[in-house]
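>>> when you get a sec, could you give me coordinates for this:
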Amino acid sequence: MPEFIAAPDLPDDGLGAMLLAMIRQNIEERPDKLEPFDKLKGRVAIVAPDSEVSATLVFMKGTLTVVPGVQSPDLTVTADSMEILGLSSVPLRMGLPDLFRPEGRDLLSKLKSGEVRIDGMFTHPLLLTRMTKVLSVA
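Take a look at the predicted model:
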């Protein structure tokens, strides 16, 4: 059974709480997301500089703890808040953005331009792929 934990100092109306709720809902509504969730182990920081907010998702094989701020991440996703929300709706192919779809090509373009940055994606590709599968609502 998956476990979802919000750190005591996590703002109820912030980025971290929203991500926690989104992932919890994805797992509850889509049982196929449970397998990649149970395999996730690592820290993913999500940073929205335009809103000056950040949160770290700490995955520990079946447990997700969300803490405020950036705390020793393996991956760091940096993008404007609207882009972060949009990332969850990009169609996937094998856990990565589907480059045959316009949304996938758009994301690739934003990665090239620096509008979206994913630090650590080459050193932690499994973490990125599994996290993307769990976060995606597409």
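
>>> shouldn't P36 be in contact with R130?
Yes. Using Cβ atoms under 8 Å, P36 is in contact with R130, at 4.2 Å. To be clear about C-beta, it is placed using only N, CA and C from the backbone, and glycine gets the same treatment.

>>> neighbour-wise, which of those two wins?
R130 (22 against 19; other Cβ atoms under 10 Å).

>>> distance of that one from A55?
Going from R130 to A55 by Cβ to Cβ, to the nearest Å gives 18 Å.

>>> what helices or strands is the worst-scoring helix or strand of the chain on mean pLDDT leaning on?
Sorted by mean pLDDT, DSSP states H and E, the helices and strands of the chain end with strand 96-97, the least confident at a mean of 81. Where contact means 3 or more Cβ pairs under 8 Å, 6 or more residues apart in numbering; DSSP states H and E, strand 96-97 is packed against helix 102-113, helix 125-135.

>>> for the longest one, buried residues please.
By that I understand helix 102-113. In terms of neighbour count (16 or more other Cβ atoms under 10 Å), helix 102-113 has its buried residues at E103, G104, L107, K110.

>>> so what's L15 closest to, chain neighbours aside?
For L15, ignoring the flanking residues on the chain, the nearest one in space by Cβ to Cβ, 6 or more residues apart in numbering is V53 at 4.5 Å.
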